[in-house]
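> can you look at this prediction? I've put the sequence above it.
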Amino acid sequence: MKIRTRIALQFSLIVASILLGFCLIIYFTTAAYSREDFYERLKKKARTTARFLVQVKEIDQNLLKIIDRNTLTALYDEKVLVFDERNKLIYASVDDHIIHYQRSLLDEVREAKEVETWSDENQLVGLFYDEGGRKLVVLASAYDRVGRSKQINLRMTLIWCLMGGIGLTVGLGIFFAGQSLRPIGEINTQISTITARNLRQRLDEGDRKDEIDQLAVNFNAVLERLEQAFEQQRSFVSHASHELRTPLAALKSEIQLGLRRRLNPDEYGDILTNLLSDADRLIALTNSLLFLARTLENISQMPLEPVQMEEVILLARDELLSAQPRYRIEFDYENLPQSETATTVSGNEELLKRVLLNLMDNACKYSPDHTARVRIRTDEKSCSVSVSDEGIGMNPEDTERIFEPFYRTATAAGYDGFGIGLSICQRIIELHQGQITVKSRPNEGSQFTVQLAHL
């Protein structure tokens, strides 16, 4: 069932229930009021008859019957019966009808003083009259023809109004539901035309005030991220192909050189040395690409445990200095930790060590004095590690793109590297739900800061 139809039906059921409730309340309230009003009229009739019969000596039973039959307030099928203390009928307003009554009703009237009940379709009132030394029971009954007729008319009017109201509600519900959901239909139509080839297409965002416009805005944001992901994928494939092609071409050239003519052992040694260098470069690049792909995995697949950031820094420093003895690493605290857990974070030690190793290596590589300065700082929520240098630095345009895979600044072209390391660092820190930022100025150096929440 379509949402438009479901909304219209639900709205119609709610309105129909409300209308039905109001109709029932009106009908039964009116019926109760009409019934009580008719009972009051019967009580007045019974009291008047008893008063004439007892208090007015000039009126006998025959004259009282004439008065009852010709009064303007006479009711349809009206009967008035008066009984004395011995349940003897002393007055009846009709002579040509067989009068039925139960003696138990007379006893009930004497006990309750006033009784309202039914006699077939007629309403009946019983009153106990105690005046002038006489104790009488008066029964008055009649058929409320006018009231019944009004109730029938009211019932038919309410039924037709209810049916008309329900029909009008269904029609208007379908119309307005369709009008309200039409933008969603338009969005569906626009979405159906978006494919991998035209991810630049965007949905109409309207005035951005209602929920449907916000849905279009959010969907456009998703498309923007998808487009960026596709663009990064294409860029990644293009740069990876280019980077892989360079050492492979060098390998092929060296092999062709060795096969072109017979060489002496020293020349073969030079070719093998070049082949080994190109192979190492190819292996390093392949490992970097594989590691970059692995960092795209979900954080749930990466084991996390408490990690002391000082230990990670020292491990990364020792590993870098063992490979590059000419590098210098200066490590210190910006502020003393206030507790033992101030520098403890939840993470993967190997991955965090790779981040710091890469940042230290870059700082030493791009600095004339090959020195990296590492500082650790803590606050109430996080632990921050900054790695700074006084090297070539970057301009603002480069700092915005430095974490893109294979991106290298113009000033770094003369240094070894593939432009993958910082991208890997960013992915690792994102997996740890942290943040990595950079501050840099040309020829003044750079500072990379890693911020992680501590335990």
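All right, it came through fine. It should be emphasised that the depicted structure is a prediction, and the values quoted were computed from it without experimental measurement. Numbers count the residues shown, from 1 in each chain.

> for Thr286, see how far away Asp280 is.
Distance, Asp280 to Thr286, by C-beta to C-beta, to the nearest Å: 11 Å. In short, each C-beta sits where N, CA and C put it, glycine included.

> the bottom helix or strand of the chain by mean pLDDT?
helix 61-70 (a mean of 60; mean pLDDT, DSSP states H and E).

> ok, then the element right after that helix?
On the C-terminal side of helix 61-70, the nearest following helix or strand under DSSP states H and E is strand 79-83.

> where do the strands sit along the protein?
Assigned by DSSP state E, the chain shows strands spanning 79-83, 89-92, 114-119, 122-131, 134-142, 305-308, 328-333, 344-347, 371-378, 382-388, 435-441, 445-453.

> ranking these by mean pLDDT, which is last?
Mean pLDDT per stretch puts strand 89-92 lowest among the strands of the chain, at a mean of 84.

> kindly reformat the strands of the chain as TSV containing distance to Ala46 and mean neighbour count.
Listed next are the strands of the chain as TSV, based on distance: least, C-beta to C-beta, whole Å; neighbours: other C-beta atoms under 10 Å:
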stretch	distance to Ala46	mean neighbour count
strand 79-83	6	23
strand 89-92	11	16
strand 114-119	10	14
strand 122-131	5	19
strand 134-142	4	22
strand 305-308	96	15
strand 328-333	106	14
strand 344-347	92	21
strand 371-378	98	20
strand 382-388	93	22
strand 435-441	94	16
strand 445-453	90	20
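
> can you redo those strands as CSV with distance to Leu248?
Putting the strands of the chain into CSV (distance: least, C-beta to C-beta, whole Å) gives the following:
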stretch, distance to Leu248
strand 79-83, 120
strand 89-92, 127
strand 114-119, 108
strand 122-131, 109
strand 134-142, 114
strand 305-308, 38
strand 328-333, 35
strand 344-347, 36
strand 371-378, 33
strand 382-388, 33
strand 435-441, 32
strand 445-453, 32
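
> who wins for proximity to Gly185 among those?
Nearest of the strands of the chain to Gly185, taken as C-beta to C-beta: strand 435-441 at 41.2 Å.

> which strands and helices sit next to that closest one?
helix 396-401, helix 421-431, strand 445-453 (3 or more C-beta pairs under 8 Å, 6 or more residues apart in numbering; DSSP states H and E).

> quick one: strands adjacent to that strand?
The strands beside strand 435-441 in its sheet (DSSP bridges) come out as strand 445-453 (antiparallel).

> can you list contacts of the partner strand?
309, 345-347, 355-356, 359, 362-363, 366-367, 381-391, 393-394, 425, 429, 432-440 (C-beta atoms under 8 Å, 6 or more residues apart in numbering).

> got the angle for it vs strand 382-388?
Computed by axes from the mean of the first three to the mean of the last three C-alpha atoms, to 10 degrees, the angle separating strand 445-453 from strand 382-388 equals 160 degrees.

> got the angle for strand 445-453 vs strand 371-378?
30 degrees.

> the chain should start at 39 in everything you say after this.
Renumbered: residue one is now 39, and that last one reads strand 483-491.

> ok, back up a step: between Asp318 and Thr324, who's got more neighbours?
Comparing Asp318 with Thr324 by other C-beta atoms under 10 Å, the one with more neighbours is Thr324, at 14 against 11.

> distance check, the more buried one against Ala450.
21 Å.

> what does stretch 361-380 rub up against?
351-352, 355, 358-359, 381, 398-399, 402, 407-416, 421, 492-493.

> next, count neighbours for Val53.
The tally of other residues near Val53 (other C-beta under 10 Å) stands at 17.

> can you give me the distance of it to Lys40?
For Val53, the distance to Lys40 - C-beta to C-beta - is 20 Å.

> go on, Lys391?
Lys391 is 57 Å from Lys40, by C-beta to C-beta.

> neighbour-wise, which of the two wins?
Lys391 (19 against 11).

> residue contacts, the more buried one?
Here Lys391 is in contact with Val350, Leu353, Ala354, Glu357 (C-beta under 8 Å, 6+ apart).

> nearest to Leu286 among these?
Using C-beta to C-beta, the contacts of Lys391 come closest to Leu286 at Glu357, 29.1 Å.

> thank you kindly, that will do.
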